[in-house]
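K.L.:
predicted model and sequence below, questions to follow.
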Amino acid sequence: MMDYSSLLNKTVKDIKPSGIRKFFDIAATMDNVISLGVGEPDFQTPWQIRKAGIESLEKGKTKYTSNWGIDRLRSEISGYLERKFNLKYCPDEEILVTVGGSEAIDMCIRAVVNPGDEVIIPQPSYVCYEPVTRLAGGVPVIIETKAENDFKVTPEELENAMSERTKLLILPYPCNPTGAIMEREDIEKLYDVIKDTNILVLSDEIYAELTFGGKKHVSPASVEGMWERTVTVNGFSKAFSMTGWRLGFACGPREIMDQITKIHQFAIMCAPTTSQYAAIEALRGCDDDVEYMVKEYDMRRRMMVSGFNKIGLECREPKGAFYAFPSIKSTGMTSDEFCEKLLYSKNVAVVPGTAFGASGEGFIRASYCYSVEHIKEAVSRIGEFLKEL
Amino acid sequence: MKYEILKLLARNAKYTAEDIAVMLGAEEAEVKKEIKQLENDGFIRGYRAVIDWEKIENPYVSAIIEINVVPKAGLGFEEVAEKIMKHPEVESVYLMSGVYDLNVVVKAKTLQDIARFVAKELATIDSVTSTTTHFVMRRYKEMDVELVSSDEDDRGQLWI
């Protein structure tokens, strides 16, 4: 008989599965469920990107690429980052193509964290930073960002979270699930706090293209003094609606990138070849598609936020990503209770804020990666739900 | 803003002025006024439902008819086009570039009705030199709406 429990790695066993799952397992068993749950675009990958992938297959481009990624893709990424975010990265030694932004985050944390090192993670935020830190033997230190600060990290919060052992600060902006962004002055203030330390910033900018209301994303590494202490992570999933292609990238000083690439080389070898060829096309000729999608998201965003406020759920204006994060505190319920009752009584699936950290209590995440009609129907059902409480 | 309003109404004529105002970040009263203006000025010519008639038991048949015309001096194609469009069977009339002149979409109860209409009403017009009738066998997409789409939302498989 195998004793699996003593066989398995203790750190892995202790990691809790993502809290988003629970509700979707229930939802999957129900009929007529209308979901605001998913975290991926509903748009098709623009046709010319798909075509570029197909053409690469036709030409037989089906071998491994360099560990770093195809040269041409890396130089496109370099040009794209400079054009869009005023970032300067050398294609040769400062850009690594990865399997989604997720791999880049994992590799970066693993490359810098020694057992016992502290990683500062603002929450509510995407669910991977904490488990990945633990797997690397690191100690997550959580900053509970506040609604009244628009879920930004403040310099005071950062200072309080820092210690002798702090190795890394995660900046997950534009933020899933809060929709928060960090503006230039916000980043400058954080820079003042860390400038005399040896703390590295891991900036997860997967939603960088998706900002609204005239606010353009400011990449921390483009802020004076930040470049040498930042690893920038981005990817194709959200901006180009390419989630299934699994393609992202990490950029940073070569001293760090060399080490990240070493892990990538042994764990992954290289990112999927077809996706890399498709991604070249994404960066070369799809600005119009991105602009179109951002405009569509913006209309849906307004519809959702206005809808929530009208039915009595206080909802701040999300300035980035594609989620609204309304407060459900007025109902007196916990986020979990709210989501479960809503699902059972109105067949609407949303994600409890607590799936993104304890500080998400009192909030729900609603994705607006759906048609306006779908959003109106879902919000109207939530409105009925509130009336019946 | 006019153009944005038209684009939204073309997508879904049931959007209310309030919906549109929210989506565009404008005032509802202003949107209402614009829509009224667009209607009065003839930019918006009507609001129709997109219907999948094949779902109904006795659907009508429709045909696309290519017509060649000898244009009249001074009148061009206008006279014959206007004559054709007055028939209630005619759904649309377009002047075309290429190998024929007028593209006429006709609908009626039966194939025979259409055949009769072409023979009696179209082919007999003086300036019409020939007609070619193509019957529509199946509708896949109508006014931007995919009628036979089997696209399901296959998202939500990933648990994270």
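P.N.:
Great, that's in hand. Numbering: from 1, shown residues only, chains lettered A, B, ... in the order given.
K.L.:
now the residue in the stretch 51-200 of chain A that chain B sits nearest to: closest residue in space that isn't a chain neighbour?
P.N.:
The nearest approach of the stretch 51-200 of chain A to chain B comes at A:V127, 6.0 Å away (Cβ to the nearest Cβ). C-beta: built from backbone N, CA, C; applies to glycine. Leaving aside its chain neighbours, A:V127 sits nearest to A:S18 (5.0 Å; criterion: Cβ to Cβ, 6 or more residues apart in numbering or on different chains).
K.L.:
confidence score at the one you found?
P.N.:
We have a pLDDT of 76 for A:S18.
K.L.:
I figured it hits A:F356, correct?
P.N.:
No - using Cβ atoms under 8 Å, A:S18 is not in contact with A:F356, being 9.7 Å away.
K.L.:
which parts of chain A are helices?
P.N.:
A:4-7, A:10-14, A:20-28, A:47-58, A:71-85, A:100-112, A:129-135, A:155-161, A:184-194, A:254-267, A:273-285, A:287-310, A:335-346, A:372-387 (DSSP state H).
K.L.:
output the longest helix belonging to chain B.
P.N.:
Max-length helix for chain B by DSSP H is helix B:28-40.
K.L.:
what residue in the stretch 251-389 of chain A comes nearest to chain B?
P.N.:
Nearest residue of the stretch 251-389 of chain A to chain B (Cβ to the nearest Cβ) works out as A:M299 at 3.9 Å.
K.L.:
now the nearest residue to that residue once chain neighbours are set aside: which helix or strand?
P.N.:
In this structure, A:M299 finds its nearest non-sequential neighbour in B:M23, 3.9 Å apart by Cβ to Cβ, 6+ apart. B:M23 is part of helix B:17-24, with elements assigned from DSSP states H and E.
K.L.:
equivalent analysis for B:E91, please.
P.N.:
strand B:90-95.
K.L.:
what's the next secondary structure element after that strand?
P.N.:
Using DSSP H and E, the next helix or strand after strand B:90-95 towards the C-terminus is strand B:102-108.
K.L.:
and that following strand, what does it pack against?
P.N.:
Strand B:102-108 sits against strand B:61-69, helix B:78-85, strand B:90-95, helix B:111-117, with contacts defined as 3 or more Cβ pairs under 8 Å, 6 or more residues apart in numbering or on different chains; DSSP states H and E.
K.L.:
just list the residues touching A:K146, thanks.
P.N.:
A:S359 (Cβ atoms under 8 Å, 6 or more residues apart in numbering or on different chains).
K.L.:
domain-wise, how is chain A divided?
P.N.:
Domain segmentation of chain A under automatic domain parsing yields A:4-44+A:288-387, A:47-285.
K.L.:
what residues does B:I20 make contact with?
P.N.:
Per Cβ under 8 Å, 6+ apart, neighbours of B:I20: B:I5, B:L8, B:L9, B:A26, B:V31, B:I35.
K.L.:
the last one touches B:F43, doesn't it?
P.N.:
Put plainly, it is B:I35. No - here B:I35 does not reach B:F43: they are 9.6 Å apart, not a contact under Cβ under 8 Å.
K.L.:
the two: who's more crowded?
P.N.:
Taking neighbours as other Cβ atoms under 10 Å in any protein chain shown, B:I35 and B:F43 compare with B:I35 leading, 20 against 15.
K.L.:
distance of the more buried one relative to A:K376?
P.N.:
19 Å (Cβ to Cβ, to the nearest Å).
K.L.:
give the burial count for the residue nearest to A:V127, as a bare number.
P.N.:
So A:S18, with other Cβ under 10 Å, has 17 neighbours.
K.L.:
measure it to A:F24 for me?
P.N.:
Counting by Cβ to Cβ, the gap from A:S18 to A:F24 is 10 Å.
K.L.:
same question, B:K72
P.N.:
B:K72 is 67 Å from A:F24, where distance means Cβ to Cβ.
K.L.:
let me know the closest of the contacts of B:I20 to B:D52.
P.N.:
B:D52 has its nearest neighbour among these in B:L9, at 20.9 Å by Cβ to Cβ.
K.L.:
enumerate the residues of chain B near chain A.
P.N.:
B:12, B:15, B:19, B:22-25, B:153, B:155-156, B:158-160 (Cβ under 8 Å from any Cβ of the partner chain).
K.L.:
farthest-separated two in these?
P.N.:
Taking Cβ to Cβ as the measure, the residues of chain B next to chain A span a maximum distance of 35.7 Å, between B:L24 and B:W159.
K.L.:
compare those two and say which is more crowded by neighbours.
P.N.:
Neighbour tally, B:L24 and B:W159, criterion other Cβ under 10 Å: the higher count belongs to B:L24, 17 against 13.
K.L.:
and the pLDDT for the residue lying closest to that one once chain neighbours are set aside?
P.N.:
Spatial nearest neighbour of B:L24, chain neighbours left out: B:E4 (5.6 Å); criterion: Cβ to Cβ, 6+ apart. On pLDDT, B:E4 comes in at 96.
K.L.:
count of residues packed around B:E4?
P.N.:
When neighbours are counted by other Cβ under 10 Å, B:E4 registers 16.
K.L.:
next one: A:V223 relative to chain B, how far apart?
P.N.:
29 Å (Cβ to the nearest Cβ, to the nearest Å).
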